[in-house]
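Undergrad: build me a model from this:
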Amino acid sequence: MSPSRASLEKNPREVAEMFDGVARRYDLTNTVLSGGMDHLWRRAVARAVDASPGERVLDIAAGTGTSSEPYADRGVHVVPADFSLGMLQEGYRRRPDLPFTAADAMALPFADDSFDVVTMSFGLRNVADVDRALREFRRVVRPGGRLVVCEFSTPVVPVFSTVYSGYLMKALPRVARRVSSNPDSYVYLAESIQAWPDQRTLARRIRDAGWERVRWRNLTGGVVAVHHAVAAGD
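TA: Numbers count the residues shown, from 1 in each chain. Here you go, the predicted structure:
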């Protein structure tokens, strides 16, 4: 069953169950719904993370691990983590070499200063307490480490914004019915995108959670934004 609305008080169990239900065709559905732009967005995130062999990367809300593969293939130690067991199982079926880990973004099962980078793509808006999650990310990253968050955002061109909103609430659910294993979930996902704060507001919340040098880059006219920050040193 999908969450009934995209409020900021999301029930973690319901959200996890929703992602369990879409796991089987999740990657295909994302590619279709984004017109193939999801591949470009993932590449932009990988460039922003800029991980080197020997570094440790936590890829939270990794789903089936598609976002983690570029790091693993370059010899970076990456931990794909998610709170949806269905997503993790599907990812492990495809890439049993990756250390898929069940994890809640608000209470990560890792020690302080465990990672050089935390990255999260298209998952932060589904967290019940965003500020708590951002503080958890800061806790598990070493001083001087990085945060990269990719999330749907606010288009910067007014006309484009109107067209985009129409697509989210009308076309997206119809397309999802054709390709998704759980199309009703995409109504919730569309609502969650519309309810999400704009680039500047998210940057402020990241800064308030203890991160420094916060900046962002708009992709596809602001449909997506990649926020980058650095953990303060001791």
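Undergrad: quick check: buried residues in the longest strand seen in the chain?
TA: Longest strand in the chain by number of residues, with DSSP state E as the criterion: strand 141-152. Judged by neighbour count using 16 or more other Cβ atoms under 10 Å, the buried positions of strand 141-152 are Val141, Arg142, Gly145, Arg146, Leu147, Val148, Val149, Cys150, Glu151, Phe152. From N, CA and C alone the C-beta is placed, and that goes for glycine too.
Undergrad: and those residues, which two are furthest apart?
TA: Considering Cβ to Cβ, no two members of the buried residues of strand 141-152 lie farther apart than Arg142 and Phe152, which are separated by 28.9 Å.
Undergrad: follow-up on the earlier one: check which helices and strands the longest strand of the chain sits against.
TA: In this structure, strand 141-152 makes packing contacts with helix 37-49, strand 115-121, helix 130-140, helix 199-208, strand 224-231, judged by 3 or more Cβ pairs under 8 Å, 6 or more residues apart in numbering; DSSP states H and E.
Undergrad: would a markdown table of those with mean pLDDT and distance to Ala103 be doable?
TA: Supplementary listing: these in a markdown table, determined by pLDDT from 0 to 100; distance: least, Cβ to Cβ, whole Å:
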| stretch | mean pLDDT | distance to Ala103 |
| --- | --- | --- |
| helix 37-49 | 87 | 18 |
| strand 115-121 | 97 | 11 |
| helix 130-140 | 98 | 10 |
| helix 199-208 | 97 | 20 |
| strand 224-231 | 96 | 19 |
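Undergrad: can you tell which of those is closest to Pro96?
TA: Shortest separation from Pro96 across the helices and strands packed on strand 141-152 is recorded for helix 37-49, at 21.1 Å, computed as Cβ to Cβ.
Undergrad: residues contacting the closest one, please?
TA: Residues from elsewhere that reach helix 37-49 (Cβ atoms under 8 Å, 6 or more residues apart in numbering): 30-31, 34, 57, 66-67, 70-71, 117, 119, 121, 146, 148, 150, 217, 219-220, 223-224, 226, 228.
Undergrad: are any of those buried, and which?
TA: By the neighbour-count criterion of 16+ other Cβ under 10 Å, the contacts of helix 37-49 include these buried positions: 30, 34, 57, 66-67, 70-71, 117, 119, 121, 146, 148, 150, 219-220, 223-224, 226, 228.
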